[in-house]
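**Student:** okay, predicted coordinates and the sequence, questions at the end:
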Amino acid sequence: MYLKCYVQTDQPRKECQYQWDDYFECLYHTKEILRVTMVEEEFERQKKETEQEAKEAAKRAKDEAKRAKDEAQNANDGAKKS
């Protein structure tokens, strides 16, 4: 397509830009590589975000369990003194 357009026009860079872009993509896969890179980066970002959220949830659960244990122990200590 590009060669046909190129041969038939006086201003190939201007008039055959779409065909040139398509031809260039077929040769070098620049857009495809860019898309794959973007998808991989987003996957890694979401993975890190999920891991961070899991760590925060585990920390909150641990803190809550400790708080409940301390409250139960304080309640038992108060009951023994009475």
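**Tutor:** It's in.

**Student:** chain center to the helix or strand where residue 21 lies: distance?
**Tutor:** Taking DSSP states H and E as the criterion, residue 21 maps to helix 17-28. In terms of C-alpha atoms, centre = their mean, to the nearest Å, the centre of helix 17-28 is found 29 Å from the chain centre.

**Student:** got it, and stretch 22-36?
**Tutor:** Counting by C-alpha atoms, centre = their mean, stretch 22-36 comes out at 21 Å from the chain centroid.

**Student:** which positions in that stretch come out as buried?
**Tutor:** The neighbour-count check on stretch 22-36 (16 or more other C-beta atoms under 10 Å) flags residue 23 as buried. Bear in mind the C-beta positions are built from the backbone N, C-alpha and C, glycine included.

**Student:** show me where the chain dips below the pLDDT cut-off.
**Tutor:** Low-confidence segments of the chain (pLDDT under 70): 79-82.

**Student:** longest single helix anywhere in it?
**Tutor:** helix 30-81 (DSSP state H).

**Student:** and stretch 29-41, how far out from the chain middle?
**Tutor:** On C-alpha atoms, centre = their mean, the centre of stretch 29-41 falls 13 Å from that of its chain.
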